[in-house]
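> Okay, structure incoming, though there's no sequence with it:
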């Protein structure tokens, strides 16, 4: 029985194409794989900053990581929500979405308010899995908390803040607050919308309607058909649409 089992394993291993690895497994705090010829079948990590950057998505991705990011190239399938989805806290009016983010508590100030409050610059929707969000700090040198956390906030100067934020498909709610000493601002709400690649009319499915709309924009320019957001409607965008055909969320 053991011999038969070993023979079967040998046959299966022989069927694995060149460039395919069965697993990427790391416990390093900063593990990265940027070799596009490596196609992970499984990624499994307990790393804090595990990143896979390849031309083909892994088949299975599991993580205990707080910041697992899978970046995919033009022929991959980034149409599903990324492993990391920003936390979503709906505003008091019942604002929505966030692609399935997990709510976390954001402290509401009870003492003297820090004024003026910070701001979030208006931003259009995007096809990308991350977005640069930024705005004014309100009070010079105030500390910024986005969705309850000050992690990864960058301060270009004493009056501005920014952060690269992972996005889930759909509406991603942003909750902003500034703090200085024992004072905190009111909560400021914003939204970033991530669209499914290939979904020209943004109805959450890539179908023949999107293809029809896309052909009208061919070699012209319409931001809704510019899936890689490079300012051109070309064969790369067509390839992206084709690779997401039938996808929905």
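Yep, it's here. Remember, predicted model here, so these are calculated numbers, not experimental data.

> hey, let's count contacts and neighbours off CA atoms from now on
Will do.

> Can you identify each of the helices in the chain by residue range?
Using DSSP state H, the helices of the chain run over 2-14, 208-216, 235-243.

> ok, residue 154 - contacts?
161-163 (CA atoms under 8 Å, 6 or more residues apart in numbering).

> can I see the domain layout of the protein?
If you go by automatic domain parsing, the domain ranges for the chain are 2-72, 86-194, 196-249.

> Least confident of those, on average?
With a mean of 50, domain 2-72 has the lowest mean pLDDT of these.

> now the nearest residue to residue 138 once chain neighbours are set aside: how far from residue 204?
Using CA to CA, 6 or more residues apart in numbering and skipping residues adjacent in sequence, the residue nearest residue 138 is residue 118, 4.1 Å away. Using CA to CA, to the nearest Å, residue 118 is found at 32 Å from residue 204.

> Compare those two (neighbour count), which wins?
Neighbour count, other CA atoms under 10 Å: between residue 118 and residue 204, residue 118 has more, with 28 against 17.

> Surely the more buried one touches residue 175?
No. Here residue 118 does not reach residue 175: they are 10.7 Å apart, not a contact under CA atoms under 8 Å.

> which residues are common contacts for these two?
With CA under 8 Å, 6+ apart as the test, residue 118 and residue 175 both reach residue 188.

> for the longest strand seen in the chain, packing partners?
Longest strand of the chain, by residue count under DSSP state E: strand 170-180. Other helices and strands packing on strand 170-180, by 3 or more CA pairs under 8 Å, 6 or more residues apart in numbering; DSSP states H and E, are strand 143-146, strand 188-194.

> Can you list the strands that it pairs with?
Strand 170-180 sits in its sheet next to strand 143-146 (antiparallel), strand 183-184 (antiparallel), strand 188-194 (antiparallel), going by DSSP bridges.

> Thanks again, I'm all set now.
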